[in-house]
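Novice: let's see this in three dimensions:
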Amino acid sequence: MYKKRDRRSLFSSISNSFNSKKGQITIFIILGIILLLAVVLIFTLKEEITKFKPEELITPTKGKVENFITTCIDKVGEEALFKVGLQAGYIEVPDEIVKDSSMNLKVSPMNVVPYWAQGPNTYIPSLDEIKIRIDQYLEENVRNCLFEMQAFQSTYNLIEKNQPIADTKIGENGVIFNLKWNIEIRDKSGEVITEVINHVSESRIKLKSVYEMARRIVEKEMEVLKFEDITKDLVSLEHPNLPLSGIELSCSKKTWDSQKAKETLLKMLRINVRELKIQGTEFVEFPEELTYYQNHYIWDIGEDYINPDVSVAFNFDERYPYTFAVTPLSGSKLKSSQMGGGEMLSFLCIQTWKFTYDVIYPVLVRVRDETTGYEFNTAFTVHLIKNTPYRGEAYARPSYIVEKATDEDYCKNLNVPTTVYTNELVENNYTGVYYTDPLEDVNLSFTCLRYRCEMGQSEYDFAAKGNVAGITTNFPYCVGGILRGVKEGYKEDWVRVVTAPGKEVELNLVPMFKFPLNKVKVVKHQPFEEGEPLTSAEPLGNEMALITLTYRKEGDTFNQPYHKVTQVKSKQLNVDLFEQEEFEFLAKADFTYQLEINLLNENKFLGGYKGNWTVDWDQLESGEEIVFHVFANNNPSEEEMFELMTGLSIMSQDIPGPEIITTKK
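Specialist: Numbering: from 1, shown residues only. From the prediction side, this is the model:
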């Protein structure tokens, strides 16, 4: 039987130990070891926390990679949208469509536009099908953008953890590219730093609105046969070279040349198809005197498709494949039939004729979003069989090669008297400057489709009209010609003209000022640390400076500024060529330009300048030299190049702006 140990005896023995000197030393040693371990642990944890601060490593690295992937999505997505617009909703046109000429309109040696309607059949891709094609293009091409450029490879390893999965959203106001793609970021030792998974990029291109407009046009054409009706009306105009039906008291047979009949109809189609407008879209109104066009060439396709931000252009060209046939035909001639003229009524002859035409031709439709400049193409075929609109199976008729008329032939028919006034215009909407003066010696030309006629040169006080400059002369007839005015030292001007007797047209040419490129200097400043002074300017070495000046007026589209000039400065340029180059500025007023300079060396982006530059006209006119300052990093890493590209406008604020030097030192 065990006995319980007396607790008092246990505590008594411990107390005796503490009372001994040896026991006290032992306790202090133990406490010292514990304290030392605690200090070591605190410093170890502090070192680990310092090593992995998220704001110093993970976040910047992740952000840079995410931004680069987004840039790749932007690039690949824009490529996909461009191809979709160019090829009627296709990114890669299937071989069965490319190889079958009855399924596409070949608009260039390298480009075809698939038909959305051919004969009785329609082949309109849905918006969902287009979305799938964009997704596939992103998934197949975004990888090359990231890895073939070897971005960040000198610093990090990017590991692809899954195949990219795209989910494009085509909305009312643009396109959103969603991409699920897990990219793991590791340092060179193989340690995982972070990962990026979901990526989003947006495009301002309104694909949905232009697609729906194009689809509605094709569907409406299949419903009402608008182009067949236009073709029928043109045949019914009874052009002297294009007979339809008639009767005449004559004993002389009437004949027409079938080749001229064909050329006449094709020319009428080329001119008139382009004049058709869609009601509620952006277009130039027909003049009041052209009531027929106002009533027949403004097409109402429905109230739901009124969109003033969209313009629509229709086009037919004789170079497109077409079918033409006319019956009855005697050899190459169309001939009338004679009635009467017998023995009893030899003095009475009647000539009668009635011809039927078969015409099949394609129309190219181009829908343009005026807010972004984006264009969407599609095409369909038009069928007139025996003078009747017909959407059945197309007849297998041979095509004819049409000999083109020359400019000289077209310009012989000058019978529409027109007056043109020419002025010098100085205008800056942002500063309120505006004035005009008569401008003589302006060379005038008139273009109607592919034909060009030289119309002479404007004169001061022409026809004793006083303080005006211009010319009165006969123009050829054209429902939509372009009148141009050109003079050395001025920006050319042009206006659209529907010729009519007594019409008056005004051209306003803007004066330009040319500054020799050999008097333009580019100097560079090296990077500097915060708080240190800016380095002194140095001349360029082997670098190449690409200089772009852009001036935009109110109403300019993004990719069509009013004035834009680009020049290159480099020691590697041919000296003789360099001596002849010039910078063109708008003259006689102060103008603010968007200035962008990109500094390059082989395949590296070294820096540059980006900002607005207001050019004083008085200084520019008397200037002897222009000096551009740029920010330069002579040997940037890949990450530094990316920072230079994205932050150039901010960095440019730390260096001097452009200088116009009027006196040499």
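Novice: show me where the stretch 401-550 of the chain has its helices.
Specialist: Secondary structure of the stretch 401-550 of the chain (DSSP state H, counting those that start in this stretch): helices at 407-410.
Novice: where does the prediction get shaky in it?
Specialist: Counting by pLDDT under 70, the ranges of the stretch 401-550 of the chain that qualify are 401-407, 450, 528-534.
Novice: if we use 80, what do you get?
Specialist: By pLDDT under 80, the low-scoring segments of the stretch 401-550 of the chain are 401-410, 449-451, 479-480, 527-536.
Novice: which SS state does residue 35 fall under?
Specialist: Three-state assignment for residue 35 (DSSP: H, G, I helix; E, B strand; the rest coil): helix.
Novice: distance-wise, check it relative to residue 29.
Specialist: Using Cβ to Cβ, to the nearest Å, we find residue 35 at a distance of 11 Å from residue 29. Every residue, glycine included, has its C-beta placed from N, CA and C.
Novice: ok, now residue 604?
Specialist: Counting by Cβ to Cβ - residue 604 and residue 29 are separated by 65 Å.
Novice: between those two, which one's more packed in?
Specialist: Higher neighbour count among residue 604 and residue 29: residue 604, with 18 against 9, using other Cβ atoms under 10 Å.
Novice: any idea what that one is bridged to?
Specialist: residue 601 (DSSP bridges).
Novice: is it true that it touches residue 634?
Specialist: No: using Cβ atoms under 8 Å, residue 604 is not in contact with residue 634, being 9.2 Å away.
Novice: burial measure for residue 203, as a count.
Specialist: Residue 203, neighbours per other Cβ under 10 Å, totals 20.
Novice: can you tell me how far the nearest residue to it once chain neighbours are set aside sits from residue 120?
Specialist: Closest residue to residue 203 apart from its sequence neighbours, by Cβ to Cβ, 6 or more residues apart in numbering: residue 175 at 4.4 Å. Here the criterion is Cβ to Cβ. By it, residue 175 lies 33 Å from residue 120.
Novice: looking at those two, which one has more neighbours?
Specialist: residue 175 (23 against 12).
Novice: next up, the contacts around the closest residue in space to residue 327 that isn't next to it in sequence.
Specialist: Nearest residue to residue 327, sequence neighbours excluded (Cβ to Cβ, 6+ apart): residue 356, at 5.5 Å. Going by Cβ atoms under 8 Å, 6 or more residues apart in numbering, residue 356 touches 326, 327, 386, 387.
Novice: what about 6 Å?
Specialist: By Cβ atoms under 6 Å, 6 or more residues apart in numbering, residue 356 lies in contact with 327, 386, 387.
Novice: ok, now how distant is the nearest residue to the last one once chain neighbours are set aside from residue 83?
Specialist: To tie it back to what came earlier, the one meant is residue 387. What sits nearest to residue 387 in space, not counting adjacent residues and going by Cβ to Cβ, 6+ apart, is residue 356, at 5.2 Å. Residue 356 sits 42 Å away from residue 83, going by Cβ to Cβ.
Novice: repeat that for residue 389.
Specialist: From residue 389 across to residue 83, the span is 33 Å (Cβ to Cβ).
Novice: next: residue 608.
Specialist: In terms of Cβ to Cβ, residue 608 sits 31 Å off from residue 83.
Novice: also residue 207?
Specialist: 12 Å.
Novice: how about residue 412?
Specialist: The gap separating residue 412 from residue 83 is 44 Å, by Cβ to Cβ.
Novice: those two: who's more crowded?
Specialist: Neighbour tally, residue 412 and residue 83, criterion other Cβ under 10 Å: the higher count belongs to residue 83, 17 against 11.
Novice: quick check, the more buried one in a strand?
Specialist: No: going by three-state DSSP, the assignment for residue 83 is helix, not a strand.
Novice: contacts only, for it.
Specialist: Listed by Cβ under 6 Å, 6+ apart, the contact set of residue 83 reads residue 91.
Novice: residues touching the residue nearest to residue 203, list them.
Specialist: Contact analysis of residue 175 by Cβ under 6 Å, 6+ apart lists 203, 205, 207.
Novice: let's see 7 Å
Specialist: For residue 175, the contact set (Cβ atoms under 7 Å, 6 or more residues apart in numbering) comprises 81, 168, 203, 205, 207.
Novice: if we only consider these, which is nearest to residue 492?
Specialist: residue 205 (30.4 Å; Cβ to Cβ).
Novice: tell me the secondary structure at the closest one.
Specialist: coil.
Novice: test my guess that it contacts residue 374.
Specialist: Yes: shown here, residue 205 and residue 374 form a contact pair, counting by Cβ atoms under 7 Å, at 4.6 Å.
Novice: for the stretch 1-150 of the chain, what spans make up the helices?
Specialist: 7-19, 21-51, 58-86, 95-98, 127-148.
Novice: flag whichever of these has the least confidence on average.
Specialist: Ranked on mean pLDDT, the bottom entry among those is helix 7-19, at a mean of 44.
Novice: residues touching the residue nearest to residue 364 when sequence neighbours are not counted, list them.
Specialist: The shortest distance from residue 364 to any non-neighbouring residue, by Cβ to Cβ, 6+ apart, is to residue 315 (4.5 Å). Listed by Cβ under 7 Å, 6+ apart, the contact partners of residue 315 are 273, 274, 363, 364.
Novice: what pLDDT is listed against the third one?
Specialist: In the predicted model, residue 363 carries a pLDDT score of 96.
Novice: ok, the first one next?
Specialist: Per-residue pLDDT puts residue 273 at 95.
Novice: surely it touches residue 363?
Specialist: Yes: using Cβ under 7 Å, residue 273 is in contact with residue 363, at 6.2 Å.
Novice: give me the beta-bridge partners of residue 360?
Specialist: Where residue 360 sits in a bridge, its partners, by DSSP bridges, are residue 323, residue 383.
Novice: what does the one 4 residues further on give?
Specialist: Each beta-bridge partner of residue 364 is listed here: residue 315, residue 379, as defined by DSSP bridges.
Novice: can you pull out the strands in the stretch 401-550 of the chain?
Specialist: All strands of the stretch 401-550 of the chain, identified by DSSP state E, counting those that start in this stretch, fall at 416-428, 433-438, 443-448, 451-457, 459-460, 469-475, 481-486, 490-491, 493-497, 503-516, 520-525, 538-539, 544-551.
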